[in-house]
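Enquirer: I would like the atomic coordinates for the input below:
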Amino acid sequence: MKLRNYILSTLLAGATTLALTSCNDFLDRDPLGQFTEDDAPNALVGGKMYNVYYLMRSYNITAGIPAFMIHMVRSEDSEKGSNAGDGADNAAMWDDFEYTASNGTLGAYWGQNYKIIYQCNEILDDLEKSENKEDTENIRTKGEALFFRAYCYFNLVRAWREVPLVTFKVVEAADANVPKTTADKIYEQIDKDLSEAEKCLPLTWSSDYTGRATWGAARSLHARTYMMRNDWDNMYNAATDVIKSGIYNLNTPVDKVFTVEGENCGESVFELQCEATDAMKADLSIGSQFCEVQGVRGAGDWNLGWGWHMGTKLMGTAFEAGDPRKDATLLYFRRSVDDPITPENTNKPYGESPVSTAMGAYFNKKAYTEPELRKKYTKAGFWVNIRLIRYPDVLLMGAEAANEKGLPAEALGYLEQVRAHARGTLTDVLPKVTTTNQSELRDAIRHERRVELGLEPDRFYDLVRWGIAKEVLQAAGKNYQDKNALLPLPQTEIDKSNGVLVQNPNY
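Expert: Model prediction:
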């Protein structure tokens, strides 16, 4: 099992008590509540930063239903999953685009992003007032706070477009009750934060600090934000900076990337560290519910989770014949114990053939746990890291930007790296793409994003930025309309604002 100090390192030794006790209360409060120094008396900046990592791996932003519904289920390749009686309102909301401002997942996702933003603002305020703000460690902490603030504002601007921009320490709830800011201004702040983060963060950390944000994470996130804006020049520069840095590689086979063995491997640009121990087998203070929420919904040995966020039949047919990524992405299962075990419903490498009556076509194999570790800890998989940025994504961003800039040879090179990695030692699958026709190459790169990043976040946002969301989603039988590119603001937040926040158009 993993043995690393990562965030719980000597940096935070003086803040451990705070992080595990008083700060839990500090972070569980309503983000629109009252903020005072009494929440965390004498808190160290390092302890507050530890709490940001804790918040980032939480249910409402990366590891649970709000995150999966907003980032995954709105595409043609994912669906709510579980069974019809479990969260039927969420099936209507996210599978069928029957958006309602009162849906609880909206408020949970909004609130968690702002909670992290407010914590980062507080850290930045502390550092600005510090007599030692030029110390290397404080400079790096500043970079982390800016990275996470940008990450959360990127979440918000994609989901709602115009949202309140708060970049100062919030002391009273009224301080943060401000009108929505234009998307251009939000992106301007994101660019500013990430540009500064790139200056502050190291290229790598020592093994004692595995999992902390790096220059590569910030630069890759910056490329992703440019991608959402179809800003090909800046997207190209950011992605190729990371590619040319030589920090990352594709040496880990595709069937190992989403296993414990593949955690923090050469293609990991940024992933959230999760853990289980003999004493803390399913503890959210060190782990997450990422696997539990997506695990096989069955009985007995196959009660591995809730069965939410499942792959569709369209996801299954998206892969080219023989693509090893299909077996690395889709978890096959039987509908009944009476169904025969066949090669088609048996999963590598453990030979398991789960049984479930869940309504989706496939479970997410990128949230599949190892049988021996289930026996050692629990079936819930609290120890599995959450991969947020992978190097193949960066290569495909580089390929897409290069193609749009009229650099087909370079685009083909980046694309082939991803396909060669997936191909592995096989010689008769995933033939090399050779076309230099911009339109054909564009389609090939889009296809590669779909299968390489299958059942990971943001296929929906790809469809939106490409301008094909309505075409693709309606063809898949979803009731998507142009207005559904944006979510309605949570009604709870509008009510709290006493008229300051205005609902998005058409809701």
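
Enquirer: low pLDDT regions in the chain?
Expert: Across the chain, residues meeting the criterion (pLDDT under 70) sit at 1-43.

Enquirer: go again using 50 as the cut-off
Expert: Within the chain, the segments meeting pLDDT under 50 span 1-42.

Enquirer: residue nearest the centroid of it?
Expert: What sits nearest the mean C-alpha location of the chain, by Cα atoms, centre = their mean, is residue 388, with 4.5 Å.

Enquirer: What separation do you get for residue 422 and residue 377?
Expert: Separation of residue 422 from residue 377 (Cβ to Cβ, to the nearest Å): 31 Å. For glycine as for every other residue, the C-beta is placed from the backbone atoms N, C-alpha and C.

Enquirer: my bad, residue 476
Expert: Taken as Cβ to Cβ, the span from residue 476 to residue 377 is 37 Å.

Enquirer: One more: residue 282?
Expert: Relative to residue 377, and taking Cβ to Cβ, residue 282 is found at 7 Å.

Enquirer: could you pull out the helices for the stretch 301-450 of the chain?
Expert: 313-318, 324-329, 371-376, 391-404, 408-423, 438-452 (DSSP state H, counting those that start in this stretch).

Enquirer: how about the longest one: buried residues?
Expert: So that's helix 408-423. 408, 410-412, 414-419, 421-423 (16 or more other Cβ atoms under 10 Å).

Enquirer: now, which of these sits nearest residue 193?
Expert: residue 414 (26.7 Å; Cβ to Cβ).

Enquirer: what about the residue lying closest to the closest one once chain neighbours are set aside, how many neighbours?
Expert: Once flanking residues are discounted, residue 414 sits nearest to residue 399: 3.9 Å by Cβ to Cβ, 6 or more residues apart in numbering. Residue 399 has 31 neighbouring residues, counting by other Cβ atoms under 10 Å.

Enquirer: For residue 399, give me its contacts.
Expert: Residues in contact with residue 399 (Cβ atoms under 8 Å, 6 or more residues apart in numbering) are 410, 411, 412, 414, 415, 418, 445, 448.

Enquirer: can you check residue 379 too?
Expert: 295, 303, 304, 305, 369.

Enquirer: residues contacting the fourth one?
Expert: Listed by Cβ under 8 Å, 6+ apart, the contact partners of residue 305 are 291, 292, 293, 294, 295, 296, 297, 367, 379, 380, 381.

Enquirer: Identify the farthest-apart pair in those.
Expert: Taking Cβ to Cβ, no two of the contacts of residue 305 sit farther apart than 297 and 381, at 13.8 Å.

Enquirer: Mutual contacts of the two, please.
Expert: 304, 305.

Enquirer: quick one: the strands in the stretch 51-200 of the chain?
Expert: 78-81, 163-164, 180-181 (DSSP state E, counting those that start in this stretch).

Enquirer: what about the longest one, distance to the chain center?
Expert: Relative to the chain's own centre, strand 78-81 is displaced by 17 Å; criterion: Cα atoms, centre = their mean, to the nearest Å.

Enquirer: who are the neighbours of that strand, in terms of helices and strands?
Expert: strand 308-311 (3 or more Cβ pairs under 8 Å, 6 or more residues apart in numbering; DSSP states H and E).

Enquirer: tell me what the strand it packs on is packed against?
Expert: By 3+ Cβ pairs under 8 Å, 6+ apart, strand 308-311 packs against helix 65-68, strand 78-81, helix 290-294, strand 363-364.

Enquirer: In terms of distance to residue 190, which of the buried residues of helix 408-423 ranks first?
Expert: residue 414 (24.3 Å).

Enquirer: I figured that closest one hits residue 398, correct?
Expert: Yes: assessed by Cβ atoms under 8 Å, residue 414 is found in contact with residue 398 at 4.6 Å.

Enquirer: Can you work out which residues contact both of these two?
Expert: What both residue 414 and residue 398 touch, as defined by Cβ under 8 Å, 6+ apart, is the set residue 243.

Enquirer: Contacts only, for the residue of the chain most remote from its centre.
Expert: Distance from the centre of the chain peaks at residue 338, with 37.1 Å (Cα atoms, centre = their mean). Going by Cβ under 8 Å, 6+ apart, residue 338 touches no other residue.
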